[in-house]
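Undergrad: Quick one: sequence plus predicted model below, questions after.
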Amino acid sequence: MLAVKNINVKRAYEAPDTDDGTRILVDRLWPRGLRKTDAAIDRWIKGIAPSTDLRKWFGHDPARWQEFRQRYADEIQEHPEELDELRACARAGRITLVFAAHDETRNNAVVLRDVLLGRISSSLSS
């Protein structure tokens, strides 16, 4: 099991910090208006991001949050290589999952962190 202290989440528009460890962008699209030099992204793992259809369906509607969490957890299981890469990075040291959404508590990086920590399981694996 991965340690909670090894996996952070942070908005792309927040200033990078040395405590971030490896900064991994987990969105399919580059954050609007953010220069690559300012973002200090070490890795960009687009494949682990929610599908375009799921992202559009969710639309950051708080009423759809619980359903989004489960649907996205299921999608994540379809990308075992990317999931293994993230786990390996987290085992090697601190990582920060970087996202662009305005909502800091209901976004794909939060779900991904919870999947990595074993807090959410896929309904497909039942």
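TA: Great, that's in hand.
Undergrad: What segments of this protein are strands?
TA: Secondary structure of the chain (DSSP state E): strands at 7-11, 22-25, 43-44, 95-99.
Undergrad: Of those, which stretch is the most buried?
TA: Most buried of the strands of the chain by mean neighbour count (mean count of other C-beta atoms under 10 Å) is strand 95-99; its value is a mean of 26. Heads up, the C-betas are built off the backbone N, CA and C, glycines and all.
Undergrad: who does it touch, helix- and strand-wise?
TA: strand 7-11, strand 22-25, helix 80-92, helix 108-116 (3 or more C-beta pairs under 8 Å, 6 or more residues apart in numbering; DSSP states H and E).
Undergrad: So for A49, which of those sits nearest?
TA: With C-beta to C-beta as the measure, helix 108-116 is the member of the helices and strands packed on strand 95-99 nearest A49 (6.3 Å).
Undergrad: Who are the packing partners of that closest one?
TA: strand 7-11, helix 65-76, helix 80-92, strand 95-99.
Undergrad: quick revisit: for the strands of the chain, give me JSON lines that also has distance to E78 and mean pLDDT.
TA: Formatted as JSON lines, those follow (distance: least, C-beta to C-beta, whole Å; pLDDT from 0 to 100):
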{"stretch": "strand 7-11", "distance to E78": "21", "mean pLDDT": "96"}
{"stretch": "strand 22-25", "distance to E78": "19", "mean pLDDT": "98"}
{"stretch": "strand 43-44", "distance to E78": "19", "mean pLDDT": "96"}
{"stretch": "strand 95-99", "distance to E78": "18", "mean pLDDT": "98"}
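Undergrad: Looking at those strands, spot the one closest to P50.
TA: strand 95-99 (10.6 Å).
Undergrad: out of the helices and strands packed on strand 95-99, deepest packed?
TA: helix 108-116 (a mean of 23).
Undergrad: residues in contact with A12?
TA: Applying C-beta atoms under 8 Å, 6 or more residues apart in numbering to A12 gives the contacts L25, D27, P31, L34, A39, V98, F99, A100.
Undergrad: show me what contacts the residue nearest to W65 when sequence neighbours are not counted?
TA: Using C-beta to C-beta, 6 or more residues apart in numbering and skipping the chain neighbours, the partner closest in space to W65 is R106 (4.8 Å). By C-beta under 8 Å, 6+ apart, the contact set of R106 is H60, P62, W65, F68.
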